[in-house]
Structures are given as structure tokens and as C-alpha cells.
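1. from the sequence below, what's the structure:
(chains A, B, C and D)
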4 protein chains.
Amino acid sequence: MVVVMEPKVQEVKIQNVIEHLKEMGFEIHRSDGVTHTIIGAIGDKTGIDIRQLEILEGVHEVIRITDPNKLSSRSFKKEDTIIDINGVKIGGDEVVVAAGPCAVESREQISIIAKAVKKYGGKILRGGAFKPRTSPYSFQGMGETGLKLLREAATKHELLMITEVIDVSQISLVSEYADILQIGARNMQNFMLLAEVGKLRKPVLLKRGMSSTIKEWLMASEYILKGGNQNVILCERGIRTFEDYTRNTLDISAVPVIKKLSHLPIFTDPSHGTGIRDKVIPMARASIAAGADGLIVEVHHDPDHAKSDGAQSLYPEQFDEMMKELQIIAKAVGRFID
Amino acid sequence: MVVVMEPKVQEVKIQNVIEHLKEMGFEIHRSDGVTHTIIGAIGDKTGIDIRQLEILEGVHEVIRITDPNKLSSRSFKKEDTIIDINGVKIGGDEVVVAAGPCAVESREQISIIAKAVKKYGGKILRGGAFKPRTSPYSFQGMGETGLKLLREAATKHELLMITEVIDVSQISLVSEYADILQIGARNMQNFMLLAEVGKLRKPVLLKRGMSSTIKEWLMASEYILKGGNQNVILCERGIRTFEDYTRNTLDISAVPVIKKLSHLPIFTDPSHGTGIRDKVIPMARASIAAGADGLIVEVHHDPDHAKSDGAQSLYPEQFDEMMKELQIIAKAVGRFID
Amino acid sequence: MVVVMEPKVQEVKIQNVIEHLKEMGFEIHRSDGVTHTIIGAIGDKTGIDIRQLEILEGVHEVIRITDPNKLSSRSFKKEDTIIDINGVKIGGDEVVVAAGPCAVESREQISIIAKAVKKYGGKILRGGAFKPRTSPYSFQGMGETGLKLLREAATKHELLMITEVIDVSQISLVSEYADILQIGARNMQNFMLLAEVGKLRKPVLLKRGMSSTIKEWLMASEYILKGGNQNVILCERGIRTFEDYTRNTLDISAVPVIKKLSHLPIFTDPSHGTGIRDKVIPMARASIAAGADGLIVEVHHDPDHAKSDGAQSLYPEQFDEMMKELQIIAKAVGRFID
Amino acid sequence: MVVVMEPKVQEVKIQNVIEHLKEMGFEIHRSDGVTHTIIGAIGDKTGIDIRQLEILEGVHEVIRITDPNKLSSRSFKKEDTIIDINGVKIGGDEVVVAAGPCAVESREQISIIAKAVKKYGGKILRGGAFKPRTSPYSFQGMGETGLKLLREAATKHELLMITEVIDVSQISLVSEYADILQIGARNMQNFMLLAEVGKLRKPVLLKRGMSSTIKEWLMASEYILKGGNQNVILCERGIRTFEDYTRNTLDISAVPVIKKLSHLPIFTDPSHGTGIRDKVIPMARASIAAGADGLIVEVHHDPDHAKSDGAQSLYPEQFDEMMKELQIIAKAVGRFID
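-> Predicted coordinates for the structure are as follows:
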């Protein structure tokens, strides 16, 4: 932390700040410049509220030095984290694609879609059983029945399975069925939920909150890592901006930023990120071109009659087309799709 | 819903849209204009995803007509909702102020603060026992012990008590102690939590999510109202914008907007809305001047040593000063502070 | 400026940074902590791009210390700037209100409105002669004829007159007629225009850009102050956020923030800030309650037939009502309206 | 336009709305549903302020139907606009890259960079002669001397030349030297400037304003097209969001959105869009993968000593590497780089 004092401030105010810092446990480094005195406060003090210092008299500005030693940071761990789930390696040279419907609707539906996902090169089957919906009047998902159908279809077609867990009370149930637990954007700061999945060793895909900064997102991942669960996949899914043509604004620059700041793998979700079917493929290509480790996309064989998000779901033949284009782009950036 | 077709579209595409609408259960009204055909779709169909229609061929635009018959809306219930809690009436002519520390820290602390809150005209004691924190390394609250201390101080000083509930598993515990349950901004779309407190009859203060539109906020209130709990107080607490001088941007215009759209009472939280002590009083005044029914503010007798949010907490004497200014402003808008 | 090095960085990288800083003309203060080396760079170097340092090897973070010595800052000039225009004092104890139509439309229109503005206590007549419009197909204003009509009505009713100047080429023309020049939100970073009005001594009302931070806004005011024109009035007029119920989000917290950072007077514009007539009065009250020095509002005697912005214009009788309410609120904050 | 009345509204209010619409020149289509009456208003009435109708009594909602017949829209002109400048075709199958320094600094500098741009496959030389800067204390550009040096270097290395025009008064001067005029983000709504370049036939690259919606951006292009200048290239350069790790958030989804809504070519500017050198190449790849027609990027042979934006400028060898990667990605989406 660095505390910058007002120009020509009285010595007594400087001493007051120094005492506060010492009380907080910091080691002090003082520099007196022509106009300003600057106080460097050295020490490992996460959880300090810098505003406590900002309001002391004579303080011009307090600047937090980002701690580079967080569990999620690349300075903590230099090598990319590669998560191996039954032989599928996430975060390595392979670009891994998860696909499936927004929500499981029936055995037939999930089976048809799982077959297509497998056929065209997807490695993970996605599908929602418990759906968080903005309106209480919308379809809320099939619950445990949905989990069973997802598992059955995934196993039959030799796919991994990912599904969302929306409350602490569901964790053990969902864990029985899923290979990867998804934490949705609305739950990115549901700290009890994060802490609980941190106690598991099962991989967790952590979506970025729709108004979360990249720093807050990494801080949310700390809740999971701190519990001992190192298998965290980050997933950019669009942020809220003033632009409302697309449902959200997919922040593709988050991909290279995360790659620099963290060793964790990063996916994007071009389906929720745009909300419009014909924007999904261009944004999927852009994500891989920018360096993403994988994608999670919505695919439905009959999107006109899907119970949710049909409008942003790809037809199986579009999924096929997308996978072919991604193979070329993956090569251009030194990756591959199997 | 209104579907606008592309100019000079073929009849077959119009018929296809009409069939889709009929299948969804709508009554159809068709208008053929010089350039456009417009299809009005009448019927009570909450939960429809309009993007399902937007992607049909020949469709130029689909426009949802906001349903004016929601439980939270003023067209559903014309008169202001007034919530009477042991004689304190929220939403009537009185401006009601809740105050207290960010977090309960000790019996002595909460007792000193409760005494000041009462003395200067507050009606409700606020305080956190379970704290959701961005960083896992920050103070997380005293838990049940905190609840007991809050209740004890509130009862002793004849104040109502409000505290936050952050997970479904805590509801019954917190309900034993609190007069009003607070749902925090990060949980505004925790739909399981909303549905559960909807089953109670205890008042709920529902904070606006930091990136939630007013419509989404009212939709979140529907989850509670739909369960039969009519005692909902809305609370504006600042939205996330590009401006970072203040912690959030307190959207005071939400006050008159909510007053027009809904019958529910509305508070603001100028402490979290600004994050800076010397901005709290001006924004408290502004809130009441704009028509808010009450406030929730942070007060601490020793904010320099508060375990959280000290920097945005008022000193008791500042709280006193604020209450005196608010009394005059309340009168200017036809209200009063007791 | 403070440069924080990566933990355990090699000495050669530290020396490289120090050399760069010296080359830029800074005086160096070095602190070696347990994990980090911190380099304080002292000197008056506005216009440095800190990213030049961020990209040097071994640099963890570069932090700019806000220069407190800018012409607009309160540390440069402690006392409030009071601008006296023919006896009307802006920035003193009086709350000053500018009112009038969005655009001048005819001699009769501006005369009727000017009379009402004067009668109910306004001190300044506002009106647009050159209108910047989002669409090229909208009404673009009356031009010089409009300026003449505005001047005539203002003089007749003993009001000051403010109008917008949208291009450098208009400055001398508009200056002949207006007492105060308005720089609109879209021109807040039209640096040539700012520099030109900085050469005058006529007061300038500088609106905040719709996506400008408070720091950028103050920096824009520097362009005017640097030219020697000290008569700058700032005006908050709403920022762009994700919320679209109101046209913009009037950031009332900018009022106390500006009061702390700067000595310049600050107005708000609740008409453009909300875009909806029945939200104007609550937000006008809120602005004065928060400490604004004045307001600029739209008033029209026949808003249903106004050529622009009728929907956000007050009727004269509403303006009367607003002024009466503001008189009481002004008193509550130690101000007055004459 | 569609006007939705409140449920069970009196007939007299419906008639009042109908009269207003007729007065505005609309043809009326009325539908009476179970709860609502909906009034369709047909006619070509750009420039109507829908809020004029929203405030009429009994009106629940007014919905504007986006006019599909604007000059920039794809329904007005189905085929892609291809702009041919001395044989370089923008908007066709070739991906065209403009590159060069942020600002011209000297004959030597621009000559070295132009040589590298040409060598590695760029077709257009970019460089600023007049620089709009947030701070009045920053480098403001070389002016006309800069224009001459740019022209000289472009001609020598057989490149087209693009530079920014920041005020109406510069248009004729800049037009003498440049092949393409650039309108910067801050001037996107400088309507006088837009109208003036609309009178030319020289190509204009119109950057998106940092807080402009896609609709506003297209509306700004109308100002140019309406004047008869059909040679407009749109350029996405990052929007302002709450995320501040990158300088702006490059909205890559704008690329496929513009491709759907408009026939105009679209570029992106990954340099300003990210503000960080090592993010430029990933975002350049992503832009082309998403379907952009070209790029404008900053390249400098000695960015450590650049007078502006050095931190986001590529080294010539990075530019070379980028061009090679883009060639592969262009192929994956059916395009080519010469």
C-alpha cells in the first residue's frame, strides 16, 4: 500500500498516518519529495479497507498494490493449470467444447442432442436441470429427473457432463451426476456456495458475474481455491453495458487478460454472451482466435420449441459448421481440436 | 406483444408468424400498413421468450408490451403499500430511518450505537451478523452471536431490528431474531432465497442488484410477492457505472420511478451508494427530497476501528446533524420525521 | 508516480526502470520491502503516459498520483469561485435557476416563457438556437434568428441569457448575444472549442459528457481555465448507464464530489438527466438538497407542440411549484432562492 | 409506431391519442384486445419524439418501430458496399490493414514505420497530425507539417494515407493530403463535422463513440450518407464499461451486428480498444475471426520513446507476426490478405 500525503502537510498528520499503518501491522518506508510525502506500507495484509486511511486528515490518496501472491495468480503459479477429467485435458493444447441445450426437457431431446454433440467433436454435454430465471413465471427446470437424463445421455455418448448448481443445498445431489459443476453468473459472489464447492475436488466452471470486474472474478475464484479445490475453469459470458442490441457484451479481451494474470483455464460462452443465434458462431471463432481454452455453447435440435433460450441455440448442422471453422482457427493459434 | 414484419414481406411468412403466435396461445390482431404489416398478439403470456419470434423469417422486430398486471405494479394495486411493524409505519407519511454499524462486533459496540440511533430519531437498528465479502480473506461476521447481540440492543432501546440473510439455510435462524430480513444486492437474483422468504409474512427489504435494471428488480420482488408475502420494501443502494470516484452510483432517480411503477415503499442506502463518509449526508438529503420513504445508513461510534466499512460510517454526532436536516427536508415534501 | 516492481525481481530490471524515470525528469525515491521494491517518482510531469512504464520488464504496477495542483482543484484555490454576472452571483449562497425551452421556436413562444421564468423566480433564460441532434432528420434550430429572439426576451424580462455554442465558428456570433456560453455534453472533449472559449472572459457552463468520469470533466475544464477564463460553471446532466428507464442517470453524487475536489460552481440539469417531465421536480429537489449551486431546467408553455424535448419540459405552473419547494429545501442546506 | 393503452382505459383517452397521431401525419390502425387497446401508427416520420406520446393520459407504452429504410441499412441496400481507393478495395474479400504511429513525430520516424507497414502487408499508413488529448498539458501533434510528412512517406512506400480531422476548419487542409479522413470517437456526434465531410466524396472512417449504441453510430453515419458521400467505413474502437483493466472494452460483437444491419464495411481498432500492447494481437485475430473487413493498428519502431500511445503500439516485428497469423484466420472465414 502507498499513502500519498497532501502537499505541504504538517508533520503531525504524517505521524498520525504512520501510527495507523503500524497498528495495522505494516512496515513503513517514507519518502519526502519536493511537494509530497509518500509512505510505503509493506506487508501481507489482504482484507484491509483502504478507505480507512483515505479519510485520515492530510491524506491525498491511498493506493493499494495488487497482491501478486493470490492462489489464482500467475506469479503464484507460473505454469498453466491443466485439468484432466477422464482423459479430457482442459487448459492444454486442445480446445475443448461443451455443448447442449439450455435446459433438459426430455430423454428424447437430450439423447438426440448428445449424439450430435459427440458426432461433431464436442467433449462435454451441457444442460440445465435447475434454472435460475429472471421471472418467477418462466420454466424453472426438471430438477433431479433432469440430472439423471443428462447423466444417462452423457454416458451413452461418451461425453463428460456439466450442469449448474444454484444453491448449497444441491451440491451433493448434483455432484453425484455431474463431472463438472457450473457456478452461474448470478452466483459468482454467492460466497457460501463458492466456499462449499471449494471443499470438493470436482472441477468447477465459474462464470463471470455480469457486472464483475476481472479482479472481482479472480477474487471469487480464490474462495474455491482456498478450500483446496484447484480445478477451476473460468468462463467469460458477457458483461452488462449500455449497448442493448446484444443481450450482453461478450468481453473477449478478458481472454488474454486472464491468460496474463492467472494460470487457470478460460472458456467463453458465446450463446449467453450474445443471445442471438447468428452471432454465436462469429463470437465462437473470435474467442478461439483470442486464445480461449474452450467454449460452452447451446445446441438444440428443435430450438423453435425449446423451453428456454431457443433463440440463441445453434442447430446441430450449425454446430458442425462451427466446429470445422474452429479447427482451422485453433491451428492458426497453435492449438488443435480433436 | 407486437410483431412488426419486414417491409413488403411475402404473405407466407406472415402466416407462419401468426401460426406461431396462435400456438403460443395468443389472440391475433393484424394491421397492414403502407410498408409494414404489424401483428398484435394479445393474451397473458408471461414467460415467453420474444427472441423465439425475432428469429422467424420476415420478422423485423418483436416488441414486448410490459405487463401492467404484475403484483408489484401500481396498476395492480393503486394505493401505496404501508407496512406496519409494531406501530412503525413504512411507506406512509413518516420518513423512517434504519441505522447502525456495518457489522456487529461486540455487545458494547452495538449497545453504544443503538443508544445513539434511538436518541437521534432512528426507528430501526441495522447490523450484519453474516457478511458477504468480496475477498475470502476479509472479516466474515459474528454469526448467531451477532444476531443475539443485535436483538438484545434493539429490544433494550426499543428499536426494530433488520439484518441480512445470505442463504436459504439461515432463514429460520435469522427470522427468530430480526423484525425485517434484508436481501443484499448480490442476492437480488438468488431466486431460491427470494422464493423462501416469500413464504414468510415477515417484512423483507430487497436491495437492488448493482447491475440490475428497475424492471429486473421489480421482477425479483415478484418472487416474494407471489409466495404471499406482501411486506416488501425496496432499497436503492447504488449501481455500477464507469464512474469510480464513488464506490457505486446512487441512482436517486429510481425513487420517483419506483413511486410511479409500484405501490411498494422505497428506501435508499447512501452509505453503500457512495462508500465515502462525507458524501453520505448530502445523498441522504437528496434521497428524501426525491421522495424516498426512508433510509438505511451506517453509523459507528469508532469508525476508525470498525471491522468493516468504517470509512462510510457516520459518527453519532453526524447522524444527529443528518436527522435534523432531514426533518426540514421531509416537511418540504409533505412528510415528517418523528 | 509510484512504480511497484514484481516480487524478487532482478536488480538490473529495477535499474532500467529508474533510468527511464530519470530520463523523464523525475526525482527518485526507492524503498526495498520484504517482497516488493517500490520506486517513488517525484516531479511535476503532467502528460506522462504511465503505460510507458507498465510495459517495462519486471514492473508489477504503476500508479499515478493525482496532481492536486490543477487550476480547477480546491488545493490550488481554497475558496469557492463566485461568478458575478450583472449582479447575479453564481456559486454563493443564492441558488440560481436557469429555465426556458429546449429550442427557441418563435418570438411569441420565447416571450411567453421568459415572462413565466421571471415571474416564478428564475434568473437566467435558457434556449437553443443551434441544436445538435442525434438524427439528421430532426429539427436543427433557428440559428441567428433564434439568438436575437432569445436576447430580446431576456432583456425585456430582465433575465440573463444562456445558449449553446456547438462549433468554434459560432463563438463570436453567439458571444454577441449570450451572457453565458453553454458547452454541451457531446462537446465536452471538443478540445478546440474548449481552448477557444478559454480565450474569452465570458462565463461558460460546461456540461459533463455522458460517459465522462469526474476526473475527465475537470480535465476538460482545465482547457478553459488554462486560457485564462476563470468563469466556469460545471453542470451534471446525467451519465449513460445500463438503466434505460430514464434517458440518462443523473449522477447527483457528482455534486458533493465536485464540491470537495474543485472550487468551481456546479449546476445540474434534471430535464436532460431524466428525460421525463414528472421526474424533473423530484430530481431538482434532490440536486439542491445535495448542495448544487443552481439548476438548468426546461420549461415550455405548450410542451405538446414543442419542436423538441417537449416530453421533459415543465409547464409554467409546475415550474412555479418547483421553485416554491426549492425555496424550503435551499433553507434546509443554508442557502436561499431570491 | 405502436401505442399501447393502459388496460380498461376510457374511450375519450384513446380518441385523444388517435387525434395526436393524426395531427403528426400518421395513418391509424386500431386493435381492441381483451385488456389493451393497441394503436398502430403507420407512416414515414423520422424525427418524432415518442416521449410526446408517452406522456398523454392513458398511454401505457409507446414503441418505435425501427425504420428499416435508412441509407445505412441493409434493407435499403442489400449488397455490401465496397470502397475502391486507388485499387485497394475495402469491404470485399480482402482484409485491409491500416497501420502506423499514433502521431507523426519526424520525417525519419514516419519513414521507418511506413517502410515496415508496406513490407509486412499493410495497405494504408495511419498517423495523427492533430491530436485531441484529454489533458491540455499533453503533446498536441505536429499540425500541417505532420500532414506533409505522412503524405510523403505514404507516397514513397505506395500506401494509402489516413489521418484524423478534428474540426470543420481543417477539412479542406486535411483533404489535400489524406486518402481517407478519420472521424474520431469523441467527434462521432459532432454533427457539423459529419455534415461537412458528407459533402465530400473522399472516404471517411467513422469511429464509434465510446458510449454510443450501435443505433446511434449508424445514425451518425446517416449525416455523412445524407450529404451524398457513400464512402463510409465504420470502425469499432472500444466502448466504456465498468471494467478498467483494459482502456476500453473492444465490442467485437459489433462486427457481426453491423454486418447484419448495414451494408457498410467495418474495421476494428484493437490498439485503442485495449490500450495494452500484448492484448493487441489477440484482439486483432478475434476481430478478423468475427468477420471484420479490416483493422487499424498502431505500430512504432521505438515505442519507448513515442510521444503518445507508445504502450499500445506494436513493434514492427510484432506487426509482421500479426499479419502472418491473420492470413491464416482470414482464410478460415473465406477472406484473404494480400
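
2. who are the contact partners of residue A:83?
-> Applying Cβ atoms under 8 Å, 6 or more residues apart in numbering or on different chains, we find residue A:83 in contact with A:89, A:90, A:91, A:203, A:231, A:233, A:265. (Each C-beta comes from the backbone N, C-alpha and C, glycine too.)

3. ok, the last one - how many residues close by?
-> Under the neighbour criterion other Cβ atoms under 10 Å in any protein chain shown, residue A:265 is assigned a count of 26.

4. can you pull the pLDDT of it?
-> According to the per-residue confidence, residue A:265 scores 98 in pLDDT.

5. ok, now the fifth one?
-> In this model, residue A:231 is scored at 97, pLDDT.

6. please name the nearest non-neighbouring residue to it.
-> For residue A:231, ignoring the flanking residues on the chain, the nearest one in space by Cβ to Cβ, 6 or more residues apart in numbering or on different chains is residue A:203 at 3.9 Å.

7. correct me, but the one you found touches residue A:230?
-> No: with contact defined as Cβ atoms under 8 Å, residue A:203 does not count as touching residue A:230 (9.4 Å).

8. for those two, work out which one has more neighbours and name it.
-> Between residue A:203 and residue A:230, counted using other Cβ under 10 Å, the more crowded position is residue A:203 (23 against 17).

9. can you tell me how far the more buried one is from residue A:180?
-> Taking Cβ to Cβ, to the nearest Å as the measure, residue A:203 falls 5 Å from residue A:180.

10. list the residues that contact both of the two?
-> By Cβ under 8 Å, 6+ apart, the residues touching both residue A:203 and residue A:180 are A:85, A:233.

11. tell me where chain A has strands.
-> Ranges of strands in chain A, per DSSP state E, are A:2-5, A:27-32, A:37-42, A:59-63, A:83-85, A:88-90, A:96-100, A:124-126, A:160-164, A:180-183, A:204-207, A:232-236, A:266-268, A:294-298.

12. let's have these in a markdown table, adding distance to residue D:154.
-> Shown next, in a markdown table, are those (distance: least, Cβ to Cβ, whole Å):
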| stretch | distance to residue D:154 |
| --- | --- |
| strand A:2-5 | 46 |
| strand A:27-32 | 48 |
| strand A:37-42 | 47 |
| strand A:59-63 | 43 |
| strand A:83-85 | 50 |
| strand A:88-90 | 47 |
| strand A:96-100 | 44 |
| strand A:124-126 | 50 |
| strand A:160-164 | 52 |
| strand A:180-183 | 52 |
| strand A:204-207 | 47 |
| strand A:232-236 | 39 |
| strand A:266-268 | 38 |
| strand A:294-298 | 41 |
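
13. among those strands, which comes closest to residue B:216?
-> Counting by Cβ to Cβ, residue B:216 lies closest to strand A:204-207 out of the strands of chain A; the figure is 17.6 Å.

14. by contact count, what packs against that closest one?
-> strand A:180-183, helix A:214-226, strand A:232-236 (3 or more Cβ pairs under 8 Å, 6 or more residues apart in numbering or on different chains; DSSP states H and E).

15. rerun that using 6 Å as the cut-off
-> strand A:180-183, strand A:232-236 (3 or more Cβ pairs under 6 Å, 6 or more residues apart in numbering or on different chains; DSSP states H and E).

16. switch these over to TSV; also include distance to residue A:335.
-> TSV is the format used below for the helices and strands packed on strand A:204-207 (distance: least, Cβ to Cβ, whole Å):
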stretch	distance to residue A:335
strand A:180-183	20
strand A:232-236	16
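
17. tell me the most buried of those strands?
-> Stretch with highest mean neighbour count among the helices and strands packed on strand A:204-207: strand A:232-236 (a mean of 27; mean count of other Cβ atoms under 10 Å in any protein chain shown).

18. give the contact list for the closest residue to residue A:55 other than its chain neighbours.
-> The shortest distance from residue A:55 to any non-neighbouring residue, by Cβ to Cβ, 6+ apart, is to residue B:311 (5.3 Å). Contacts for residue B:311 (Cβ atoms under 6 Å, 6 or more residues apart in numbering or on different chains) come out as A:51, A:52, A:55.

19. got the buried residues for stretch A:169-186?
-> A:170-171, A:174, A:177-186 (16 or more other Cβ atoms under 10 Å in any protein chain shown).

20. ok, now stretch A:151-159?
-> Applying 16+ other Cβ under 10 Å to stretch A:151-159 flags A:151, A:152, A:153, A:154, A:157, A:159 as buried.

21. and what of stretch A:55-63?
-> Of the residues in stretch A:55-63, A:55, A:56, A:58, A:59, A:60, A:61, A:62, A:63 count as buried by neighbour count, 16+ other Cβ under 10 Å.

22. what sits up against it?
-> For stretch A:55-63, contacts defined as Cβ under 6 Å, 6+ apart pick out A:2-6, A:9, A:13, A:17, A:50, A:53-54, B:311, C:63, C:66.

23. greatest separation within those: which pair is it?
-> Greatest spatial distance in these: A:13 and C:63, 21.1 Å, computed using Cβ to Cβ.

24. before we move on, back to that, need the contacts of residue A:83 in TSV (columns: distance to residue B:43).
-> Output for these, formatted as TSV (distance: Cβ to Cβ, whole Å):
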residue	distance to residue B:43
A:89	51
A:90	46
A:91	49
A:203	44
A:231	47
A:233	42
A:265	46
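
25. one step back: in helices, which of the buried residues of stretch A:151-159 fall?
-> Using DSSP state H, A:151, A:152, A:153, A:154 are the members of the buried residues of stretch A:151-159 that sit in helices.

26. tally of neighbours for residue A:307?
-> When neighbours are defined as other Cβ under 10 Å, residue A:307 has 22 of them.

27. what residues are up against it?
-> A:103, A:105, A:139.

28. any idea how many residues pack against the last one?
-> When you say that, I think you mean residue A:139. Neighbour tally, residue A:139, other Cβ under 10 Å: 17.
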